[in-house]
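Chemist: Sharing a model prediction with you, sequence too.
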2 protein chains.
Amino acid sequence: MNRSPTIRDVAKRAGVAVSTASLALNGKPYVSRETRFKVLQAAEELGYHPHTLAKNLADGRTRNLGLITPISLEHLFASAGFFSCLIRGMHRAAAEHGYNLSLHIAESEDEAVSRVRAAIRGRSVDGLIITNPTVTCPYLRDLKRHRIPFVFIGRPSEEATYVDNDNVEVSRIGVRHLIECGHSRIAFLNGPAQFTFCVDRLLGYRAALAEAGLPHDEDLVWSSDLTEGAAYQVVWELAPRHQFTALFAGSDVQAVGAIRALQAQGFRVPQDVAVVCVNNTDLTRHFIPSLTAVDLHEYWLGYWAVKRLVQTIDGEKTEHPVLIPGELVVRESCGCQPEPQAEGGDGAGAPTRIKPKRNSHQGG
Amino acid sequence: MNRSPTIRDVAKRAGVAVSTASLALNGKPYVSRETRFKVLQAAEELGYHPHTLAKNLADGRTRNLGLITPISLEHLFASAGFFSCLIRGMHRAAAEHGYNLSLHIAESEDEAVSRVRAAIRGRSVDGLIITNPTVTCPYLRDLKRHRIPFVFIGRPSEEATYVDNDNVEVSRIGVRHLIECGHSRIAFLNGPAQFTFCVDRLLGYRAALAEAGLPHDEDLVWSSDLTEGAAYQVVWELAPRHQFTALFAGSDVQAVGAIRALQAQGFRVPQDVAVVCVNNTDLTRHFIPSLTAVDLHEYWLGYWAVKRLVQTIDGEKTEHPVLIPGELVVRESCGCQPEPQAEGGDGAGAPTRIKPKRNSHQGG
DNA sequence: CCTATTCATCGAACCGCTTCGAGAATAGCG
DNA sequence: CGCTATTCTCGAAGCGGTTCGATGAATAGG
């Protein structure tokens, strides 16, 4: 009937054996010019296209990459458009290497574990990318026992291949900018220390100060949940008790909470307190004042995660992590631009981008 | 030797034929109680888990659903966290029906077409979900010719199964709220008419006015691109030339552009002009004033799209579209003195809002 | 001129599962 | 008790590819 043509049909039409057809179709050696031509022609005429599943079953590769995402950290994702960018980057790398991306979203860590296991058991993927590894990392054992290639997005606590933002650099860039704007008393509103990225960012904050020969006042290091309300409260409480002229916030949403608190206490932003934050989002673009932010390049995070995973699958040993540099996007909140941006231009008003020095973050 | 056990191993250990093992394992009838037990036990002992690929090849189903997304409309996605929500909803429905989700992102419509074709040829999916169908809809022919089940997200121009926001309702809800706040001269900043959702929303706008017995002034229907800058320009130009006390904006970003323009001209929001917009996002939550918005429930959009697709795959004929209702989230920009109402959802950044001015005494 | 390689092709086995048709055993019924 | 249904089990034939080992033919080497 209308059954789509198989390689057997092609072989028959070309007058060759199935095995020969397979070789020809796949560009393998040991096929004469004419034979190859005959086969290709037959395939063309028949409108032949290989059956993915069959191919995969036969050669034992699924050509599938699984993305495991415990969405419990959803706000982190959703807020930053993180997820979309990440996925796009992953998708591009996957496409470059002929892989497919399949999604495994989990509402909880337990569910994430069971999804990892299901993927392993069903042998439905050649490798796994796991975002937001937690401290416990319960799947690690399974992954290692079954020798299934995997890459984490985000720095895990235990040793494992991972791709992450260069969070030390990220905050260093942000703080350095504030220093360059002339500030020396810079508060840091960090996220909860349970996240490795917050730990790393604190290092960057200190590094920037040290670099500039500025004293480091531990009292200026604050911390709040990633919500606006939490940030508001912390800043509301701590701001009056300290001397500072600038604030570096761990996220766009925290920055907004902080700014509201500051304004409520009579500080003007950026005149009295300059603000720079992490995460370049719609919010930082459209907030008033628009927020100077460190862009995390989530796209490349996803891209390199897949790249790395593919390398692992191909048996290349690449132990050291990939770190994605951040990039400063200067807007109004840091107060270093005399004029507010041109109104009505192309949306957010063209921001000034400051290129970070290129990190040689990729090995080969 | 560490080869994972196959159904043959199970059969052998249970002392039955492979075919019997298969029946037992899959809970099919015509297997005696004891035999079934023996097989299950053997499987358990061996740690047997079926090989997805083999299963799929054998019974001709891939258990894969493809998501085709032309990302050209990325800003639409990214800005609303649209994509993440959509995907989560899709994922949930897919999981409920035992399907897998595989991603096919395209940077252009051409690429989308080729991805659709590739998916069809490779027979790698049982069905396709296609977001943002365009007017031309070039894949439609292929889809129909190959009889592959598909569902659109967004109303297509041609006839086809689709799931969409109930865009007429969406704007009707928003405008109705403004009317209830006492406004009668309500401007509408719509998006480009090339999008079906903009067309629909205009209908809703008119319906709301008509319902309330208010006159409809065509001069108050404006339109701009979905960017802040475009919105700013349009409002900047048109606002002074018309009498109005409220504005309904087609998106969060447009609303921000409009508000900036209004403020630049000396209008206060919400005192002089009340604003309500479509899209409940981080931006609407955290902007000052926070924006009253119609939440689009993208999660359910994704959920129902998959649900519908599965129905189609199962051969149920369900021609009429699924329309997802919107939901009004009242905040400050409409000026109607919002209650501290609980927002639907998980509370990430929900209006546990701390109000800077009025409530400054509440702190702590 | 004869043998050792290399090249080109083929048939068969296989990947791991489902399903079909057939046969044996048991049950139902007049 | 004989005959048809029903229940249970089995072997074999796919699903649509890849890959291995064998077989000639062509080429090269001595």
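Modeler: Here it is on my side, so go on. Numbers count the residues shown, from 1 in each chain, chains lettered A, B, ... in the order given.

Chemist: C-alpha only now, for contacts and for neighbours.
Modeler: OK.

Chemist: what's the residue in the stretch 1-150 of chain A positioned nearest to chain B in contact with, if anything?
Modeler: Using C-alpha to the nearest C-alpha, the single residue of the stretch 1-150 of chain A nearest to chain B is A:S102, 4.3 Å away. Contacts for A:S102 (C-alpha atoms under 8 Å, 6 or more residues apart in numbering or on different chains) come out as A:N64, A:L65, A:G66, A:L67, B:N100, B:L101, B:S102, B:L103.

Chemist: And A:R36, by the same measure?
Modeler: With contact taken as C-alpha under 8 Å, 6+ apart, A:R36 is in contact with A:A21, A:A24, A:L25.

Chemist: Pipe these into a markdown table and attach secondary structure per row.
Modeler: Formatted as a markdown table, the contacts of A:R36 follow (DSSP: H, G, I helix; E, B strand; the rest coil):
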| residue | secondary structure |
| --- | --- |
| A:A21 | helix |
| A:A24 | helix |
| A:L25 | helix |
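
Chemist: Which of these ranks first by neighbour count?
Modeler: A:A21 (27 neighbours; other C-alpha atoms under 10 Å in any protein chain shown).

Chemist: want to try CSV for the contacts of A:R36, with distance to B:T245 and pLDDT as columns?
Modeler: Shown next, in CSV, are these (distance: C-alpha to C-alpha, whole Å; pLDDT from 0 to 100):
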residue, distance to B:T245, pLDDT
A:A21, 73, 95
A:A24, 72, 95
A:L25, 69, 95
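
Chemist: Which of the residues you listed sits closest to B:V31?
Modeler: A:A21 (41.9 Å; C-alpha to C-alpha).

Chemist: count of neighbours near the residue lying closest to the closest one once chain neighbours are set aside?
Modeler: Spatially, and ignoring its direct neighbours in sequence, A:A21 is nearest to A:A11 (5.5 Å; C-alpha to C-alpha, 6 or more residues apart in numbering or on different chains). By other C-alpha under 10 Å, the residues close to A:A11 number 21.

Chemist: now A:A54
Modeler: 18.

Chemist: helix/strand/coil for it?
Modeler: helix.

Chemist: I'd like the distance from it to A:P70, if you could.
Modeler: 31 Å (C-alpha to C-alpha, to the nearest Å).

Chemist: can you check A:Y232 too?
Modeler: In terms of C-alpha to C-alpha, A:Y232 sits 27 Å off from A:P70.

Chemist: How about the residues of chain A by DNA strand D?
Modeler: A:3-8, A:18-20, A:22-23, A:25-26, A:48-51, A:54-55, A:57-59 (C-alpha under 7 Å from any atom of the strand).

Chemist: Out of the helices and strands in chain A, which is least certain?
Modeler: Least confident helix or strand of chain A, by mean pLDDT, DSSP states H and E, is strand A:352-354 with a mean of 35.

Chemist: Name the residues of stretch A:172-189 that come out as buried.
Modeler: Within stretch A:172-189, the residues that count as buried by 16 or more other C-alpha atoms under 10 Å in any protein chain shown are A:172-179, A:183-189.

Chemist: and what of stretch A:33-40?
Modeler: A:T35, A:R36, A:K38, A:V39, A:L40.

Chemist: What are the neighbouring residues in contact with the last one?
Modeler: For A:L40, the contacting residues are A:A24, A:L25, by C-alpha under 8 Å, 6+ apart.

Chemist: Can you verify it is assigned to a helix?
Modeler: Yes: according to three-state DSSP, A:L40 belongs to a helix.

Chemist: And it, how close does it get to A:R3?
Modeler: 20 Å.

Chemist: Pick out the residue in the stretch 151-300 of chain A sitting closest to DNA strand D.
Modeler: A:V151 (25.4 Å; C-alpha to the nearest atom of the strand).

Chemist: Next, count neighbours for that residue.
Modeler: 25.

Chemist: And A:P29, by the same measure?
Modeler: 9.

Chemist: Verify the stated contact: it with A:A21.
Modeler: No: counting by C-alpha atoms under 8 Å, A:P29 sits too far from A:A21 to count as a contact (11.9 Å).

Chemist: ok so, going back, give me the contact list for the helix or strand encompassing the residue of the stretch 151-300 of chain A closest to DNA strand D.
Modeler: Secondary structure from DSSP states H and E places A:V151 in strand A:150-153. Strand A:150-153 is contacted by residues A:127-133, A:143, A:160-164, A:301-302, A:305-306, A:308-309, A:312 when judged by C-alpha under 8 Å, 6+ apart.

Chemist: do the same with stretch A:257-266
Modeler: Taking C-alpha under 8 Å, 6+ apart as the rule, stretch A:257-266 contacts A:227-236, A:239, A:268-269, B:356-357, B:360.

Chemist: Also stretch A:116-126?
Modeler: Residues contacting stretch A:116-126 (C-alpha under 8 Å, 6+ apart): A:61-66, A:68, A:139, A:142-143, A:146, A:148-149, A:313, B:49-53.

Chemist: Just the buried residues of it, please?
Modeler: A:V116, A:R117, A:A119, A:I120, A:R121, A:G122, A:R123, A:S124, A:V125, A:D126.

Chemist: higher neighbour count, A:Y232 and A:P70?
Modeler: A:Y232 (27 against 23).

Chemist: beta partners for A:I153?
Modeler: With DSSP bridges as the criterion, A:I153 is bridged to A:T131, A:V163.

Chemist: Show the pLDDT at it.
Modeler: On pLDDT, A:I153 comes in at 93.

Chemist: ok, now A:A17?
Modeler: 94.

Chemist: Counting neighbours, what do you get for it?
Modeler: 13.

Chemist: Make sure it is actually in contact with A:A11.
Modeler: Yes: with contact defined as C-alpha under 8 Å, A:A17 counts as touching A:A11 (5.7 Å).

Chemist: So A:H320: helix, strand or coil?
Modeler: Strictly by three-state DSSP, A:H320 counts as coil.

Chemist: meant to ask about A:A293, not that
Modeler: strand.

Chemist: still on that earlier bit, would you double-check that the residue nearest to A:A21 falls in a helix?
Modeler: Yes: per three-state DSSP, A:A11 lies within a helix segment.

Chemist: Who are the contact partners of it?
Modeler: Here A:A11 is in contact with A:A17, A:V18, A:T20, A:A21, A:V39, A:A42 (C-alpha under 8 Å, 6+ apart).
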